[in-house]
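J.: quick one: sequence plus predicted model below, questions after.
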Amino acid sequence: MTQIENVMREGRVFPPPPEFSARARVKSIEEYQQLYRESLDQPEQFWSRMASELHWFTPWQQVLVWNEPHAQWFVGGKINAAYNCVDRHAEGPNADKAAFLWEGEPGDTRRVTYRELKTEVSKFANVLKGLGLQAGDRVAIYMPLVPELAIAMLACARLGVVHTVIFGGFSAEAIRERVNDARARVVITADGGWRRGAIIPLKANVDDALADGACPSVEKVIVYRRCGNTIGWQEERDLWWHDAIAGVSDDCPAVPLDSEHPLYILYTSGSTGKPKGVLHTTGGYLVGVYLTSKYVFDLREDDIFWCTADIGWVTGHSYVVYGLLANGATNVMYEGAPQHPDFGRWWSIVEKYKVSILYTAPTAIRTFIRQGESWPAKYDLSSLRLLGTVGEPINPEAWIWYHRVIGGGRCPIVDTWWQTETGAIMIASLPGAVPQKPGSAGRPFFGVSPKVVDRDGNPQGPNQGGFLVIDRPWPSMLRTLFGDDERYRAQYWSQIPHVYFTGDGARYDEDGDFWLMGRIDDVVNVSGHRLGTAEVESTLVSHPLVAESAVIGRPDEITGEALVAFVTLKGNVEKSAELRLELIEFVGEQIGKFARPQEIRFTDALPKTRSGKIMRRLLRKVATNDPSLGDTTTLEDISVLARLQEEEE
Ligand code: ATP
Ligand code: MG
């Protein structure tokens, strides 16, 4: 049996507000359907029209060449991502428009215009050129969230140098692995970065990673001065950013690159195992992120867009840097932690910069819910017109809170399903066109053909759960896993023949809206019922005292598997045996007796990846007392594991 049961009874629907639809890029469901059909039925025509909104040095000869599992898009075209993101806007009416409105954690601010961005990117590209870097070489970037991080990426892109950004929260070990896997010639870092009032010693972490010749490919380390903290220095290897750019020319023409030239390598979050080095190329990726930014976020000239993700994740690559800048939009960038100096920080930033579109993750929303409504209530959030979420299924109760408390009941929410591998948003309901359902990611984006199938690849009917696959190539898809094409084939193209295997479980409903039910690894089988953990978690989160929950299956002699629920309670709620029983009964009433957790474990925190996703694979180990933890390099806070093990009663 491969079907995953649909146990969630969420039925609320929020039609697009008429005022929103009236001004939206896509105003009705019919308009969406027409464009969507065109994108599948006449892909050449559709993609040619869309791609020509970007600048190409030489037009492509063929839209797609597909040799499963390898795609080439806009074949023969010459393009440069930095040219499209910077140069196109740096002259003319948008030259003095802000590309970035940056706020440092200590409260320092910068406004970087498109004109300035072009100067900085060109100078830094000349620095990289001066170090002998050429198209195809790799550079690792390990920086705090400062404009120079984007400048470094764009300088690479200008030359065709392939960047791999390593999230600034990673340890020396994780840096070493990624630098070696990518065989980077240069590492770009900073002395430090601010986080919760403390300095993260970025340069020291790089020094540790590179110590004793552990990364033989690295020739130079460029250091941006952010915090002024004391750092170690290796004269022949290290170089200050400010020294390097001093006196360097700001003239550095963008190199016309083949559409399929690699743009970047990015490692996945590591929620389900060892991170994978996803390779994206230039033309198709840029078309994908440009178009999704424009339509999913309904971007307009005067929008102030804030994606709270760190640039170290794909969300930051696509919706802080490439997609937004390709549209000439203004981005807010905040360096620090959401709770610094208090839980009002984000909302003060929305008020201060008059943010109109906010894009964040369910984990952040659940954290704010736990802190109570009084924090957002202190600030004027009336500039917001659209909200977005990404990263995990959003629990319907969290959606409702986000809609009401942050969006003032007036902002549509785009729940965007996608992956590092997909490069751009794949499933999301266009906000002016398609009614929103809390907990559902909605409809496929243009050109995306998702299917729900069983193990053998047979299509499932409405509301029959199964494996989410994609049965056509799309422009921003990964091209391979860097240096490991075998793993690329095995991971994505072999589990079910001839389709891209996402690894997620899903169903679609009568309207064609998709509901993500969790990772396939997280599907549990209780007394013959196959359940996606996401739905049971959402039920627990809908209990008024619960802030967050993670559900896993543990082998059980009688039922095959039994559910264990890890539960974090709201604010000041005390854990008790009564509450434990109440929650078990609550799930029984909401879903059915078979779904009642065998055990509830209260905890003050759940193990998450550094991108904020719950690592259920570690919870399975905790629940079964399995000491082999597997790859924990992407775990945010290792002490959570120890606490979970102790919290056992
Ligand atoms: P790894 O692949 O290393 O295990 P990861 O899958 O967490 O890590 P990402 O590429 O950052 O790495 O995350 C993609 C995954 O995040 C998706 O496969 C899906 O499980 C989840 N996801 C992202 N957005 C949504 C969403 N809107 N709704 C439901 N799930 C989502
Ligand atoms: Mg994944």
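T.: Okay, I see it. Ligands and ions are numbered 1, 2, ... in the order given.

J.: buried ones in the lengthiest helix in the chain, by neighbour count?
T.: The longest helix of the chain (DSSP state H) is helix 114-130. For helix 114-130, the buried set under the neighbour-count rule, 16 or more other Cβ atoms under 10 Å, comprises 114-129. Just so you know, the C-beta spots here come from the backbone N, C-alpha and C atoms, and that holds for glycine as well.

J.: near ligand 1, from those?
T.: On the criterion Cβ under 6 Å from any ligand atom, none of the entries of those sits beside ligand 1.

J.: list the helices and strands the longest helix of the chain packs on?
T.: In terms of contacts (3 or more Cβ pairs under 8 Å, 6 or more residues apart in numbering; DSSP states H and E), helix 114-130 is packed against helix 88-90, strand 98-103, helix 147-159, helix 241-245.

J.: give me whichever of the ones you listed is most buried.
T.: Comparing the helices and strands packed on helix 114-130 by mean neighbour count (mean count of other Cβ atoms under 10 Å), helix 147-159 ranks first with a mean of 27.

J.: what sits closest to the residue of the stretch 451-600 of the chain found nearest ligand 1 if chain neighbours are left out?
T.: Residue of the stretch 451-600 of the chain nearest ligand 1, by Cβ to the nearest ligand atom: residue 516 (3.6 Å). Distances taken as Cβ to Cβ, 6 or more residues apart in numbering place residue 393 nearest to residue 516, at 4.6 Å, with adjacent residues excluded.

J.: what about residue 560, how many neighbours?
T.: 15 (other Cβ atoms under 10 Å).

J.: and the strands in the stretch 451-600 of the chain, which stretches?
T.: 466-470, 480-481, 500-508, 514-519, 523-526, 529-532, 546-556, 560-569, 599-602 (DSSP state E, counting those that start in this stretch).

J.: the third one - what's its average pLDDT?
T.: In other words, strand 500-508. Across strand 500-508, the average pLDDT comes to 97.

J.: Serialize the helices and strands packed on helix 114-130 to TSV and add fields for distance to residue 289 and mean pLDDT.
T.: Formatted as TSV, those follow (distance: least, Cβ to Cβ, whole Å; pLDDT from 0 to 100):
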stretch	distance to residue 289	mean pLDDT
helix 88-90	15	98
strand 98-103	15	98
helix 147-159	13	98
helix 241-245	27	98
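
J.: what distance do you get for residue 160 to residue 133?
T.: In this view, residue 160 and residue 133 are 9 Å apart by Cβ to Cβ, to the nearest Å.

J.: thinking again about what came up before, am I right that the residue of the stretch 451-600 of the chain closest to ligand 1 is in contact with residue 533?
T.: No - with contact taken as Cβ atoms under 8 Å, residue 516 and residue 533 are classed as non-touching, separated by 11.2 Å.

J.: so what's the closest residue to ligand 1 within the stretch 351-500 of the chain up against?
T.: At 3.4 Å from ligand 1, residue 420 is the closest residue in the stretch 351-500 of the chain, using Cβ to the nearest ligand atom. Residues in contact with residue 420 (Cβ atoms under 8 Å, 6 or more residues apart in numbering) are 266-269, 276, 278, 313-314, 478.

J.: let's see it at 6 Å
T.: Contacts for residue 420 (Cβ atoms under 6 Å, 6 or more residues apart in numbering) come out as 266, 268, 278, 314.

J.: and residue 103, by the same measure?
T.: Counting by Cβ under 6 Å, 6+ apart, residue 103 makes contact with 109, 334.

J.: cool, residue 155 as well?
T.: Applying Cβ under 6 Å, 6+ apart to residue 155 gives the contacts 121, 124-125, 128.

J.: try 8 Å
T.: Per Cβ under 8 Å, 6+ apart, neighbours of residue 155: 82, 121-122, 124-125, 127-128, 161.

J.: do you know the pLDDT at residue 648?
T.: Listed pLDDT for residue 648 reads 53.

J.: same deal with residue 6?
T.: pLDDT, read off for residue 6, is 85.

J.: span of stretch 45-59 from start to end?
T.: Terminal residues of stretch 45-59 lie 14 Å apart, using Cα to Cα, to the nearest Å.

J.: I'd like the numbering to begin with 27 instead of 1 from here.
T.: From this message on, residue numbering opens at 27, which makes the last subject stretch 71-85.

J.: how many residues are close by residue 390?
T.: 18.

J.: make that residue 600, sorry
T.: Neighbours around residue 600, by other Cβ under 10 Å: 8.

J.: residues in contact with residue 376?
T.: Each residue near residue 376 by Cβ under 8 Å, 6+ apart is listed here: 332, 384, 405, 407, 409-410.

J.: and it, what element?
T.: helix 371-379 (DSSP states H and E).

J.: angle of that helix against strand 124-129?
T.: Put simply, helix 371-379 runs at 130 degrees to strand 124-129, going by axes from the mean of the first three to the mean of the last three Cα atoms, to 10 degrees.

J.: which residues touch the helix or strand immediately after helix 371-379 in the chain?
T.: Note on helix 371-379: by DSSP H and E, the next helix or strand toward the C-terminus is strand 383-386. Applying Cβ under 8 Å, 6+ apart, the contact partners of strand 383-386 are 323, 325, 329-335, 341, 345, 376, 410-416, 432, 442.

J.: rounded mean pLDDT for stretch 352-364, please.
T.: In this model, stretch 352-364 has a mean pLDDT of 97.

J.: which residues belonging to that stretch are considered buried?
T.: 352-362, 364.

J.: what residues does the protein put near ligand 1?
T.: Counting by Cβ under 6 Å from any ligand atom, the residues of the chain lying close to ligand 1 are 294-299, 301-302, 416-419, 441-446, 467, 528-530, 542, 545, 637, 639.

J.: try it again at 5 Å.
T.: Counting by Cβ under 5 Å from any ligand atom, the positions of the chain adjacent to ligand 1 are 294-298, 416-417, 419, 443, 445-446, 467, 530, 542, 639.

J.: could I get the contacting residues of residue 442?
T.: 322, 385, 414-416, 451, 453-454, 467.

J.: residue 500: which of these is nearest?
T.: Residue 500 has its nearest neighbour among the contacts of residue 442 in residue 451, at 10.8 Å by Cβ to Cβ.

J.: does the closest one count as helix, strand or coil?
T.: When classified by DSSP: H, G, I helix; E, B strand; the rest coil, residue 451 comes out as coil.

J.: just checking, it touches residue 441?
T.: No - judged on Cβ under 8 Å, residue 451 makes no contact with residue 441 at a distance of 10.1 Å.

J.: give me the more crowded residue out of the two.
T.: residue 451 (29 against 26).

J.: check the gap between that one and residue 362 for me.
T.: 26 Å.

J.: how about the secondary structure of the residue nearest the centre of the chain?
T.: Closest residue to the average C-alpha location of the chain: residue 341 at 3.4 Å, with Cα atoms, centre = their mean. Following three-state DSSP, we place residue 341 in the helix state.

J.: spit out the contact partners of it.
T.: Residue 341 touches 333, 335, 385, 416-417, counting by Cβ under 8 Å, 6+ apart.

J.: let me see the contact set for the closest residue to residue 116 other than its chain neighbours.
T.: Using Cβ to Cβ, 6+ apart and skipping the chain neighbours, the partner closest in space to residue 116 is residue 144 (3.8 Å). Neighbouring residues of residue 144 by Cβ under 8 Å, 6+ apart: 112-113, 116, 276.

J.: which of those are buried, as a ChimeraX select command?
T.: Buried members of these, defined by 16+ other Cβ under 10 Å, are picked up in ChimeraX with:
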select :112,113,116
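
J.: what is the nearest of the contacts of residue 144 to ligand 1?
T.: Of all those, residue 112 has the smallest distance to ligand 1: 26.3 Å, by Cβ to the nearest ligand atom.

J.: ok, that closest one touching residue 351?
T.: Yes - the criterion here is Cβ under 8 Å, and residue 112 meets it with residue 351 at 6.8 Å.

J.: many thanks, we can stop here.
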